[in-house]
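Chemist: requesting a structural model of the entry that follows:
(one chain, ligands or ions: 1)
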Amino acid sequence: MGNKETIFEGILKGDMPAVQEATTAALAEGLPAGEILNEGMIPAMTEVGRLFEINEYYVPEMLIAARAMKAGLAILRPKLVDAGIEPKGKVALGTVKGDLHDIGKNLVSIMVEGAGFETIDLGVDVSPEAFVKAVRDDGAQAIGLSALLTTTMTSMKTTIDALEEAGIRDQVKVMIGGAPVTQKYADEVGADGYGRDAAAAAKLVKTLLNVD
Ligand code: B1M
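Modeler: Residues are numbered from 1 along each chain as shown. Below you'll find the predicted structure:
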């Protein structure tokens with residue numbers, strides 16, 4: 001098995017040492033970083049997303065796959081920068097104000113990153129102003145808002161209002177998700193899209209930003 005295949009399999013199995021070793025070996029062998037990313041890591045995370053959608057993988061499998069992918073990506077990242085590989089877009093993600101749940105948001109972050117986007121992790125308890133700043137000052141083309149509490153999901157509307165007040169609503173796509181959130185709610189608050197889970201969120205970002 002070649003190193004790209006080992007990376008693919010290693011991510012699927014959540015085998016972090018195997019992914020780290022094969023990534024290092026692939027670079028040493030002279031494989032371009034972009035090829036390792038696009039033909040090893042991204043397809044693996046896409047497959048993880050597919051397995052999650054058909055209920056063959058659950059949150060624990062997804063978390064260990066994500067951890068393995070992150071470890072490989074950490075080795076690859078400096079080479080990607082050197083090679084000038086451009087990410088598909090910039091996405092800022094955060095759990096909304098008042099809400100400290102971050103497991104789902106972290107999964108969304110890794111799946112979006114796995115789909116080839118640069119992510120800015122704004123963390124938890126993120127104010128509408130911090131989302132506005134990520135768009136205005138950091139150039140996020142899409143923002144992703146996660147909420148796990150019925151009491152905090154209202155901050156999604158407040159954030160969209162804040163983007164409008166700042167005059168930048170048309171510069172950014174807004175994606176929302178989290179256990180109490182629905183498509184109906186996304187329509188009500190004027191979000192551009194709703195992601196049911198992390199795999200769906202990664203697909204949605206591509207659609208919203210119109211990239212493959
Ligand atoms: Co809390 N909690 N919690 N909690 N907690 C829930 C959410 C709750 C449903 C439990 C219950 O009562 N049955 C309930 C909410 C009730 C409600 O509002 N209707 C609740 C409560 C009440 C609370 C506190 C208020 C409890 C208290 O203190 N009295 C408190 C609030 C703290 C705060 O946030 N201010 C609290 C605290 C905590 C802990 C800190 C202990 C811990 C969080 C640790 C952490 O995140 N680092 C915690 C946990 C772990 C949970 C449960 C058990 C699990 C949540 C989770 O991580 N799920 C949860 C009960 C449950 O869900 N069974 C519960 C796994 C995760 C992968 O799923 O986050 O849904 P999820 O993400 C999914 C999708 O929703 C989607 O993709 C993810 C992956 O598929 N998704 C997105 C998520 N964000 C997305 C964004 C997108 C797209 C998709 O686009 C941007």
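Chemist: show me the contacts for residue 99.
Modeler: 124-125, 146-149, 152, 155 (C-beta atoms under 8 Å, 6 or more residues apart in numbering). Where you see a C-beta, it was placed from the backbone N, CA and C, and this is true even at glycine.
Chemist: leaving out the residues flanking it, which one is nearest to it?
Modeler: Leaving aside its sequence neighbours, residue 99 sits nearest to residue 152 (C-beta to C-beta, 6 or more residues apart in numbering; 3.9 Å).
Chemist: what's in contact with stretch 186-193?
Modeler: By C-beta under 8 Å, 6+ apart, stretch 186-193 touches 145, 156-157, 160, 173-176, 194, 204, 207-208.
Chemist: next secondary structure after the helix or strand containing residue 188?
Modeler: Using DSSP states H and E, residue 188 sits in helix 183-189. Scanning forward in sequence from helix 183-189 by DSSP H and E, the next helix or strand is strand 193-195.
Chemist: show the pLDDT at residue 80.
Modeler: Note on residue 80: pLDDT of 83.
Chemist: swap in residue 201?
Modeler: For residue 201, the predicted pLDDT is 95.
Chemist: can you check residue 34 too?
Modeler: Taking residue 34 on its own, its pLDDT is 86.
Chemist: now do the one 4 residues further on
Modeler: Looking at residue 38, its pLDDT reads 84.
Chemist: how about it, what does it touch?
Modeler: residue 116.
Chemist: PyMOL command to pick out the buried ones of the contacts of residue 99?
Modeler: Per 16 or more other C-beta atoms under 10 Å, the buried members of the contacts of residue 99 correspond to this PyMOL selection:
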select buried, resi 124+125+146+147+148+149+152+155
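Chemist: restrict the contacts of residue 99 to contacts with the ligand.
Modeler: Among the contacts of residue 99, the ones lying near the ligand by C-beta under 6 Å from any ligand atom are 146, 148-149.
Chemist: from those, pick the one nearest residue 131.
Modeler: residue 146 (11.6 Å; C-beta to C-beta).
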